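*Asks:* Could you work out the structure for the sequence below:
(chains A and B)
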Amino acid sequence: MSVNFVFLLFSAGITSLFVPQKRFSFLWTAVLFAAVVYAALSLDGMWGNPDFSVFWNALPNLSVDIGFQPSRSVAASNGIVLLTGLALYYNVFSFREQQKNVLNGLMLINCVFVLTAFSAVNCIQLLAAVCMADVAVYMAIDRLEAKRQYIYGNFIADFLLLNIMAVILGQQGSITVSGIEEYSKHWHHRDFVAVMLLICIFIKSGIAFFHTAYQRMSGLSFSRLNFILFATTPLMGIIILHLLKEILLISQYSYPLLKTLSLVTIVWGAVGAVIVDSLKRKSVYAAMLFWGASFAAFTWLPVFSFSAFFVFLVSAFLFNGALQLISRTASDEVLVSRMGGFSGVAKTTLAVNIVAAVVYAGAWWLFAGSVLWLALSGEVIFLAVSTHILSEIYLTSSKTDTPRLKNPSLLLFLPIAGCAALLLWQHADNWPYVAGYAMLWLAVFVSAPLGGLSFLYASELVQKNDSVTWLYNVFILAPLQILGRILRLTVDFVFIERTVIASVKNAIRFLVFVFRRFHSNSCAGYAFFMLLGVLVVAAAYYNGVAR
Amino acid sequence: MIENANVLLTVILAVPLLGLIFAAVSKENAAGVRGRNVLAVGIFAVMSNLVVLWITARKTDFSEAASRLVQKFEWLDVPKIELVLELDYFSLLLIAALHCAVLLGLIGIRNNTYRQKTLVVFALMFLEMATGYFLASDLFSFYIFFEAMLLPLFMLVGIFGDVRRQDILYRFFLYNLLGAVLLFVALCILFNAENVAIRDINRVVLGHNIELLVWSLIFIAFLSRIPIWPFHYWLSSVNVNISNPLVFIVANIMPLTGVYGLIRFSPLTAPEILTPYLLILEIVSITTMVVIALIGFSNRDIQYKIFSYMTVYYILYLLGALLPTDALLANIGFSLFAYLIIIAAIEIVVSHLEKERQCSGAGECGILCNIRRSSFVLSFFILAAVGLPLSALFLNNMLIFAGLVKYNLKMAIFILLAIVLSSLSLLQHLFYLRYPQAESSGNVGCVNDISLPVFAVFILVMLLLAVSFVNPLWYME
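*Replies:* Sure thing, here's the model as predicted:
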């Protein structure tokens, strides 16, 4: 069953890459949705199915099984398929997307790799799925600078992951995910492996100081951007963390580092979402805030529930989807400084935005509620960020022509409404709290306490600041390049060319000169060569005859 | 198994020779005329041999590590000299990769009308000699092919290599010749002691000093072909000047012959006397890797970047082979198979882009934006080259890393650093070409993309690489 739906999704994705862009788009969209729905239904029927595995003849001298473990993955797999379905849905209704079928295909292919990674029974399955997903995402990014940053970062992350596997395989001779725990108890190089794993995860999920690749993606279309920010590589980061978490336990530094950086990421994401002008960049920072919160939850929660995590993930995706609707309402305007006063015209969009924000906050409570301080601080930060963004757009004075504003199609509101209804139904008993939070949210929204920060939208220093890239360039890239040039100059040119080769050349020239002088028609020359002959004869005698 | 499958070895060796003869007697096109008489003969010969190799693989059971095809030819009675050809799966993979690389090179020169006949004839001669080298299993034939490779190589580099400084060319030839002479001396001493096959060389009993001398000569002979410090300089000097893709591919197969020689002679057959020297060799190798990777990272010349990448990976495979186990030999073989094909393909596309850039006067930036097929092909091969899961390189390299990490973590860290830097160098080039600043230069739109037939060939190569990732033993029954 599991193989059927994975195969179905994969073939639908591959075929979609080759479907003509301007023909059969509706028909093909229907086929893709059918594939996703079938996959979701298949997943539901998989509870209690035995684990499935098949031999993969990938290496001549190492037995590799790839498999799917319904017992471990069905709950999360539902979330992955749902998220892919939502991304597909938004992409279908995105009129700005030129390569819709290709992106749809890549979404399905990515979904297969994420499912494969989550179900990994051995490290090679995990590694192959993670790297293949990177190739799919690389293809999905259609901006050169973003592509470049993405592949640089993720190549290094994949390489680190590969080396973690190599260390474990070299030390233990086993590649099963379940064998990681055994490795953590007995083997060496623990800090080294833990640090490599952390860097890999940080790059994948765009944690603070490793987030530049995602910052470059603000040129992508909204549907493409949201898909990449939530359903692809960053999600792989947390899957890797989940599967290899035992490795972190072996180093005393790893969890403190993870905790510190997750908090820094939350703060960085929150501040960025408040102060940047572009709605797309706000989305990127909001995603950063989300992943920071997820990592914080991973480290502090006593039990990390993947079911709750996926509810939180889908809510975050929908919150960003709601921001996308604002841009659609304003005829694809993305600068908040050019928006304002939308509440008068775009009432439906405002309502949907509010619902999305409340759902997001509710999902966080559901996810992190067992650690009160974490849940409360998260709620405060979400409240501040979401109210600030929305109040800047809806409540400030109008800076755009009102006739340009138009509520988008109701079809785009459906996922948010559906998700809100589902969450409310699940938490019907807690309706007083939900209502209370919604009232509080509205009060903060109307009062807009962070409204004074809007002057930062005009600051070039804030809007164009890319200090992390500058730091990488100055402290890593530039020294490496300078070192390379120095080595080229000293090793290749000065040492080999000018010293070794020139010396050999001069020495040979000198010997030739000497021999020419001796090989002249003179008594000294005769004497020298006779002496040389006597020496050779003597050497031969003592080494041969005398022995 | 077919009846007397061993005869296939003669066929494998004979086909490039026949191709060479046919190409030599084919009518050469008039200057500037784009006929492909000789080229077609060359391509047909290489493809025919690939089919023979495939049949050989299908009909031979390589499941046992020690299984091999053997064919012997009596040469002299006194002294008793037999020429012995052997084929195991490692040689088979290398020969197949060599043929694929040369085939791509021949496709890459299809529009090159300058002395095409000479180019094809010498390329086929090199292919013949290199195939013989990978098949040779006795000391004599091994040496003959090792030495004989130099002639076509020197002619190719000399005529088509664009090496303007003659001293570089002479140096290139002299270094190689010196290596061959040292090997000759070593093999003479070994033969004088006992005439054995290469794999039985540890049976030869020598005195302590003589043994040390023989193995030193063997190691220096092979190392002279690998760009390990200080031998790297001649190869880098030559490589940066070569603009003909076929010649570049051939010149960069030379280090493979060095690596292969060391794999055949050591480590399991090498005496213990060499152990301390092997450590020195490892240190020098790793230092070279890091230095060349750094230079490649800072260099803007794509030929140097490719050279840097190739050097790092050749040394990686050499270090993998020097580990005191032969368990990784299969992985090295599969990696080398993918690696040679990938490098050949990258060189073809880069050479095409460089030519177009010079012809159209377009800037170095932004070319790839306007040519979709080249962009796709180059992206695929560079991503495969850096180790993403698009070819057999991916998982097999992981096993080689595992072996290196297991034996010495500190050295492995430097190796990994070198690999990351050389891979980033290739990625740099991909985006250096893609960077859209010069799109407005106007000339960029005139750049020609690779033709559809060539694109189709590249798609086939991509499929071959993808299959080598999914199932590297697909060609066996």
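*Asks:* Need the pLDDT of B:Val290.
*Replies:* Note on B:Val290: pLDDT of 94.
*Asks:* so where does it fall, helix or strand?
*Replies:* B:Val290 belongs to helix B:275-298 when assigned by DSSP states H and E.
*Asks:* Quick one: name the residues of the stretch 201-350 of chain A near chain B.
*Replies:* Not one residue of the stretch 201-350 of chain A sits near chain B, judged by C-beta under 8 Å from any C-beta of the partner chain. (Each C-beta comes from the backbone N, C-alpha and C, glycine too.)
*Asks:* Surely B:Leu83 forms part of a strand?
*Replies:* Yes - the assignment for B:Leu83 (DSSP: H, G, I helix; E, B strand; the rest coil) places it in a strand.
*Asks:* Contact partners for it?
*Replies:* Contact analysis of B:Leu83 by C-beta atoms under 8 Å, 6 or more residues apart in numbering or on different chains lists B:72-73, B:75, B:136, B:138, B:140-141.
*Asks:* please redo it, this time with the cut-off set to 7 Å
*Replies:* B:73, B:75, B:138, B:140-141 (C-beta atoms under 7 Å, 6 or more residues apart in numbering or on different chains).
*Asks:* Okay, and the beta partners of it?
*Replies:* Beta-bridge pairing for B:Leu83 (DSSP bridges): B:Phe73.
*Asks:* Do you know the pLDDT at it?
*Replies:* At B:Leu83, pLDDT is 85.
*Asks:* same check, this time on the one 10 residues further on
*Replies:* In the prediction, the pLDDT value recorded for B:Leu93 is 91.
*Asks:* ok, now which ones touch it?
*Replies:* Here B:Leu93 is in contact with B:333-334, B:336-337 (C-beta under 7 Å, 6+ apart).
*Asks:* Then A:Phe382?
*Replies:* Neighbour list for A:Phe382: A:360-361, A:364 [criterion: C-beta under 7 Å, 6+ apart].
*Asks:* May I have the helix or strand containing it exported as CSV, CA atoms only?
*Replies:* Per DSSP H and E, A:Phe382 falls inside helix A:372-394. Extracted in CSV, the C-alpha atoms of helix A:372-394 (Å, rounded to 0.1, in the frame of the first residue of the first chain):
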residue,chain,number,x,y,z
LEU,A,372,4.2,27.0,30.4
TRP,A,373,6.9,29.6,30.1
LEU,A,374,7.7,28.5,26.6
ALA,A,375,4.1,28.5,25.5
LEU,A,376,3.4,31.9,27.1
SER,A,377,6.5,33.6,25.7
GLY,A,378,5.8,32.2,22.3
GLU,A,379,2.2,33.5,22.5
VAL,A,380,3.4,37.0,23.4
ILE,A,381,5.9,37.1,20.5
PHE,A,382,3.3,35.8,18.0
LEU,A,383,0.8,38.3,19.3
ALA,A,384,3.3,41.2,18.9
VAL,A,385,4.4,40.2,15.4
SER,A,386,1.1,39.3,13.9
THR,A,387,-0.8,42.3,15.3
HIS,A,388,2.0,44.7,14.2
ILE,A,389,2.1,43.4,10.6
LEU,A,390,-1.7,43.4,10.2
SER,A,391,-2.3,46.7,11.9
GLU,A,392,0.3,48.4,9.7
ILE,A,393,-1.6,47.1,6.7
TYR,A,394,-5.2,47.5,7.8
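*Asks:* If you count neighbours, what's buried in that helix?
*Replies:* With burial defined by 16 or more other C-beta atoms under 10 Å in any protein chain shown, the residues of helix A:372-394 counted as buried are A:374-375, A:377-379, A:381-394.
*Asks:* residues in contact with stretch A:414-421?
*Replies:* By C-beta under 7 Å, 6+ apart, stretch A:414-421 touches A:86, A:89, A:314-315, A:318, A:321-322, A:352, A:355-356, A:359.
*Asks:* got the buried residues for it?
*Replies:* Within stretch A:414-421, the residues scored as buried using 16+ other C-beta under 10 Å are A:415-417, A:419-420.
*Asks:* What average pLDDT does the one helix or strand A:Trp425 maps to get?
*Replies:* Applying DSSP H and E as the criterion places A:Trp425 in helix A:414-426. For helix A:414-426, mean pLDDT rounds to 80.
*Asks:* what do you get for stretch B:117-137?
*Replies:* The pLDDT scores in stretch B:117-137 average 93.
*Asks:* Just give the closest residue to B:Arg115, not the sequence neighbours.
*Replies:* In space, and not counting its chain neighbours, B:Arg115 is closest to B:Ile159: 6.7 Å by C-beta to C-beta, 6 or more residues apart in numbering or on different chains.
*Asks:* actually B:Leu151, not the one I wrote
*Replies:* Closest residue in space to B:Leu151, ignoring its immediate chain neighbours: B:Met125 at 7.3 Å, by C-beta to C-beta, 6+ apart.
*Asks:* residues from chain B in reach of chain A?
*Replies:* When proximity is defined by C-beta under 7 Å from any C-beta of the partner chain, chain B lies next to chain A at B:230, B:233, B:291, B:294-295, B:297-298, B:327, B:330-331, B:334, B:383, B:386-389, B:395-396, B:398-399, B:401-403, B:405-406, B:409, B:416, B:420, B:423-424, B:427, B:431, B:434-436, B:470-473.
*Asks:* Next one: B:Phe22, what pLDDT does it get?
*Replies:* Value listed for B:Phe22 in the pLDDT field: 90.
*Asks:* need the helices for the stretch 1-150 of chain B, in chain order.
*Replies:* Along the stretch 1-150 of chain B, counting by DSSP state H, counting those that start in this stretch, helices occupy B:7-25, B:37-59, B:89-108, B:116-135, B:139-148, B:150-160.
*Asks:* A:Leu424: which of those helices is closest?
*Replies:* Closest to A:Leu424 of the helices of the stretch 1-150 of chain B is helix B:89-108 (C-beta to C-beta; 61.5 Å).
*Asks:* how far is the following helix or strand past the helix holding A:Trp425 from where the chain is centred?
*Replies:* Downstream of helix A:414-426, the next assigned helix or strand under DSSP H and E is helix A:431-447. Between the centre of helix A:431-447 and the centre of its chain there are 34 Å (C-alpha atoms, centre = their mean, to the nearest Å).
*Asks:* Also stretch B:119-139?
*Replies:* Computed by C-alpha atoms, centre = their mean, the chain-centroid distance of stretch B:119-139 equals 12 Å.
*Asks:* swap in stretch B:378-397?
*Replies:* On C-alpha atoms, centre = their mean, the centre of stretch B:378-397 falls 17 Å from the chain's centre.
*Asks:* before we move on, what about stretch A:213-232?
*Replies:* How far stretch A:213-232 lies from its chain's middle: 10 Å, per C-alpha atoms, centre = their mean.
*Asks:* How many residues are close by the residue of the stretch 351-477 of chain B found nearest chain A?
*Replies:* Per C-beta to the nearest C-beta, B:Lys406 is where the stretch 351-477 of chain B lies closest to chain A, at 3.4 Å. Number of residues near B:Lys406 (other C-beta atoms under 10 Å in any protein chain shown) recorded here: 18.
*Asks:* And A:Gly344, by the same measure?
*Replies:* Neighbours of A:Gly344 (other C-beta under 10 Å): 11.
*Asks:* ok, A:Phe317 to A:Glu145 distance?
*Replies:* 24 Å (C-beta to C-beta, to the nearest Å).
*Asks:* okay, the two: which has more neighbours?
*Replies:* More neighbours surround A:Phe317 than the other of A:Phe317 and A:Glu145, with 26 against 16 (other C-beta under 10 Å).
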